[in-house]
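>>> This is the structure alone, sequence omitted:
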């Protein structure tokens, strides 16, 4: 079939035109998948993997091979965590029902969750996915401000719903952005002056605010992931967002912190990524690791922001906040807090960061190493002087790591950032294996 | 606090201004809930219930009282179904991961699911919620047609995302409809000539298509729940949608069947509600009962409809189609098929319908009884001659039933339809208890 546009891009996506290179069994599953699920699904790696089992930091393929998982942030406290799975099974056995009946479980969890935020953030609302959380946050922001403008970073990803996809430029040029969506460059600490990044970003946001006013849209919200995950992971400087928040508030807009990727301790120093920046958002959205794989997500919000929305409209999400979702989320948060996983992320993360910087000294292709907690971006370049992105080599590294049974991926506007994001339970020994394989691969590509 | 608009309406919603009538324990939980979850959440009943356990068709409150559940369609094969719970627990123990790795489970389930549809519907895509399914369906429809217009019935509900809420007029007048959304009256078989309903609806849809063309929006899709659940449940005539589909197709629009409420055997004669009408939709959306409480939903679609969308854009939903969701959905579908639950819905449903019509002969306030499978609408009127809706008495019946520990609710544009929708495993004995309590209540109100 002839297509009007080029195939939508995806860093580290399997290319079906290369299917003839797969072994027979893999190719058969790939074909069956295309037949049943259609063309919109993408696979990781040039040689896609079929996993059948997970335990802690390990995944096992259908041939019994063990892989070190240094990528999956959903099962943030480890694959098949016993406490979470037991909590889910127990609650399924007791009762699975929705929020239109009274339940203590949702209130106990909301209380525990809200205690991790600063005043005045004191209401929690629950959805099933991060996309739904961001979608709801923007519905509230638009209702609250009476405006429609949304400002995001240039390679942001905030969700797959019609609205959230409209402010997710990382979905690629075929995916339409909304008419009231404006973009600002991500704070690229590798290519720009780090000392002035905050003021520069605030000025760029102000410029887009002015444009939104000029076009009659006005500003509803500035939304960002404080680690700029899909932009390529930029974690420094951590005082960057304070001047940005100031211009957003001055314009009457809301500051929405998308913590779907960077929340729940990922940063190693705080429960929430925005807390590194010393700001307090109007709405915080969360998802992915919240139930360690169970579909649960939500928002935390200042009461004044949601007051009129909640009065005028109801919000009901059939599965959002259901008894089982809350049991899964509570067990996950319990494990993070009881087992000191934020501290572990910090300790093991600092070790990995040091080792990555050490590798960088020996390999010219590593242009930059960035990281915080257990989240790393390693920028692969063709030339250190010009800082030219090398996406082909990036892809080669990711695929070579997969063949050595260590799972990482890639991201960023130039598709040249290794994305390394292990479960929070990663140990120093796991870190050593990751680093050892990575250095071996970097030497070869 | 002073509000600019009236509080958003909800049939059978708890009114917090009446909180002083609650017992101390209930009032305390209601207050704690408002404090933690904020103002957008609504409770059922004037005397909200706190359930702690569910088994089959029964729910149990925190004082040990047993309730007959004749309302909850999510746990469609019964509360705490052992096969589904075991499937979830087993899969959790093995692996919980996403669709970017190869998996047989999702393909086995997709195959089984797609076998319940007619050619050419042969691709399945998975989301977490019915809202996400409808949102995705409309993204595909807009991409496919290059148009934005959406036509729905006047009290339709299709979801809580920004886009789906924009074509869900049942959310009330405070909830903004989209500028390219048009409404047609639901086929009210009680108040209008049943023989001409199909042609009348087709003409009304054509009128809105013309209006969408005139405004430059064009038609992307006509979306409907073939049982018109939130419009008040209209199940006859079942040849209604054929002429509607014809005008939609002629205008180049897609016909989207929202099966979130009426699918998975609810109608008692077919797996999907639209099949009663002898049409084949372009996209079918599904959700609620799909995993018997586990958050899983999705769409089934004609390949040609999604071909260009899938090529140009990827669709990824973190939890959508994950291994556990697929295990839950497969077990649920297995139970529906293996245990003959569609046939049971038909048999027990026909019995209930007969008994409801029998009660109607003795009670003037019952203006109309409608139903198919295990889904019933009972219209409560102040006067049979004028067919004037009696929403106060409807609410009184629903609340009186709750005090007698039988759970039903209410719906419809005039808030005067009892909504009775028991699990598909309802027995004749359960039906007798439902009918007995209902008649007792109707005699008293």
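That came through, no problem. Since the structure is predicted, the reported quantities are computational estimates derived from the model, not experimental observations. Numbering: from 1, shown residues only, chains lettered A, B, ... in the order given.
>>> Nearest to chain B within the stretch 201-350 of chain A, name that residue for me.
When scored by C-beta to the nearest C-beta, the stretch 201-350 of chain A has residue A:310 as its residue closest to chain B, at 3.0 Å. For every residue, glycine as well, the C-beta is placed using N, CA and C.
>>> Give me the pLDDT value at the closest residue in space to that residue that isn't next to it in sequence.
The shortest distance from residue A:310 to any residue other than its chain neighbours is 3.0 Å, reached at residue B:39 (C-beta to C-beta, 6 or more residues apart in numbering or on different chains). Here, the pLDDT recorded for residue B:39 equals 95.
>>> cool, residue A:4 as well?
Looking at residue A:4, the pLDDT reads 79.
>>> ok, it - contacts?
B:308, B:312 (C-beta atoms under 8 Å, 6 or more residues apart in numbering or on different chains).
>>> same thing but 7 Å
residue B:308 (C-beta atoms under 7 Å, 6 or more residues apart in numbering or on different chains).
>>> what does the one 5 residues further on give?
With contacts taken as C-beta under 7 Å, 6+ apart, residue A:9 has the following neighbours: residue A:172.
>>> Would you mind measuring from it to residue A:306?
Using C-beta to C-beta, to the nearest Å, residue A:9 is found at 36 Å from residue A:306.
>>> Please list the residues of the stretch 151-300 of chain A that sit near chain B.
A:160-163, A:171-172, A:174-175, A:288, A:293, A:295 (C-beta under 7 Å from any C-beta of the partner chain).
>>> how about JSON lines for these, with pLDDT, secondary structure and neighbour count added?
Below are these laid out as JSON lines (pLDDT from 0 to 100; DSSP: H, G, I helix; E, B strand; the rest coil; neighbours: other C-beta atoms under 10 Å in any protein chain shown):
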{"residue": "A:160", "pLDDT": "97", "secondary structure": "coil", "neighbour count": "28"}
{"residue": "A:161", "pLDDT": "98", "secondary structure": "coil", "neighbour count": "29"}
{"residue": "A:162", "pLDDT": "98", "secondary structure": "helix", "neighbour count": "21"}
{"residue": "A:163", "pLDDT": "98", "secondary structure": "helix", "neighbour count": "26"}
{"residue": "A:171", "pLDDT": "93", "secondary structure": "helix", "neighbour count": "27"}
{"residue": "A:172", "pLDDT": "91", "secondary structure": "coil", "neighbour count": "16"}
{"residue": "A:174", "pLDDT": "92", "secondary structure": "coil", "neighbour count": "18"}
{"residue": "A:175", "pLDDT": "93", "secondary structure": "coil", "neighbour count": "19"}
{"residue": "A:288", "pLDDT": "96", "secondary structure": "helix", "neighbour count": "25"}
{"residue": "A:293", "pLDDT": "98", "secondary structure": "coil", "neighbour count": "33"}
{"residue": "A:295", "pLDDT": "98", "secondary structure": "coil", "neighbour count": "34"}
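>>> now, among the residues you listed, which is nearest to residue B:245?
Nearest to residue B:245 among those is residue A:162, at 23.7 Å by C-beta to C-beta.
>>> residues touching that closest one, list them.
So residue A:162 contacts B:135, B:138-139, B:161-163 (C-beta under 7 Å, 6+ apart).
>>> Not counting residues beside it along the chain, what's closest to it?
Using C-beta to C-beta, 6+ apart, the nearest residue to residue A:162 is residue B:163, at 3.8 Å.
>>> Please name the residues that touch the one you found.
Here residue B:163 is in contact with A:161-163, B:135, B:138 (C-beta under 7 Å, 6+ apart).
>>> And those residues, which two are furthest apart?
Farthest pair in the contacts of residue B:163, by C-beta to C-beta: A:163 and B:138, 11.3 Å.
>>> which residue is nearest the centroid of chain A?
residue A:261 (2.6 Å; C-alpha atoms, centre = their mean).
>>> Please, where are all the helices along the stretch 201-350 of chain A?
Per DSSP state H, counting those that start in this stretch, the stretch 201-350 of chain A carries helices over the ranges A:241-250, A:303-312, A:323-338, A:341-362.
>>> Tell me the strands beside the helix or strand just after the last one, with direction?
If you walk from helix A:341-362 toward the C-terminus, the next helix or strand you reach (DSSP states H and E) is strand A:366-372. With DSSP bridges as the criterion, the sheet partners recorded for strand A:366-372 are strand A:375-383 (antiparallel).
>>> and the angle for the strand it pairs with with helix A:341-362?
If you take axes from the mean of the first three to the mean of the last three C-alpha atoms, to 10 degrees, strand A:375-383 sits at 10 degrees to helix A:341-362.
>>> helices or strands next to the following helix or strand past strand A:375-383 in the packing?
Downstream of strand A:375-383, the next assigned helix or strand under DSSP H and E is strand A:388-389. For strand A:388-389, the elements it packs on are strand A:375-383, judged by 3 or more C-beta pairs under 7 Å, 6 or more residues apart in numbering or on different chains; DSSP states H and E.
>>> What average pLDDT does the strand it packs on get?
97.
>>> which residues touch the residue nearest to residue A:310?
Applying C-beta under 7 Å, 6+ apart, the residues contacting residue B:39 are A:306-307, A:310-311.
>>> of these, closest to residue A:396?
residue A:306 (47.4 Å).
>>> For the closest one, grab the count of nearby residues.
Using other C-beta atoms under 10 Å in any protein chain shown, residue A:306 is surrounded by 25 other residues.
>>> same question, the one 5 residues further on
Burial of residue A:311, expressed as a neighbour count using other C-beta under 10 Å, amounts to 19.
>>> Please verify my assumption that it contacts residue B:3.
Yes. Residue A:311 lies in contact with residue B:3 (C-beta atoms under 7 Å); the separation is 5.0 Å.
>>> in chain A, what spans have low per-residue confidence?
A:1 (pLDDT under 70).
>>> go again using 80 as the cut-off
A:1-2, A:4, A:8-9 (pLDDT under 80).
>>> Would you map out the domains in it?
Using automatic domain parsing, the domain ranges for chain A come out as A:49-77+A:341-444, A:82-338.
>>> Output those domains as CSV; include the columns distance to residue B:301.
Putting those into CSV (distance: least, C-beta to C-beta, whole Å) gives the following:
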stretch, distance to residue B:301
domain A:49-77+A:341-444, 25
domain A:82-338, 16
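>>> Go through those and name the closest to residue B:93.
Of all these, domain A:82-338 comes closest under C-beta to C-beta, at 6.4 Å.
>>> Quick check: closest non-adjacent residue to residue A:322.
residue A:98 is the one closest to residue A:322 (C-beta to C-beta, 6+ apart), at 5.4 Å.
>>> And for the one you found, the neighbour number?
For residue A:98, using other C-beta under 10 Å, the count is 21.
>>> Residue A:287 contacts residue A:128, doesn't it?
No. Residue A:287 is not in contact with residue A:128 according to C-beta under 7 Å; the separation is 8.7 Å.
>>> joint contacts of those two?
With C-beta under 7 Å, 6+ apart as the test, residue A:287 and residue A:128 both reach residue A:297.
>>> Would you mind telling me which of those two has more residues around it?
Between residue A:287 and residue A:128, counting by other C-beta under 10 Å, residue A:128 is the more crowded of the two (33 against 29).
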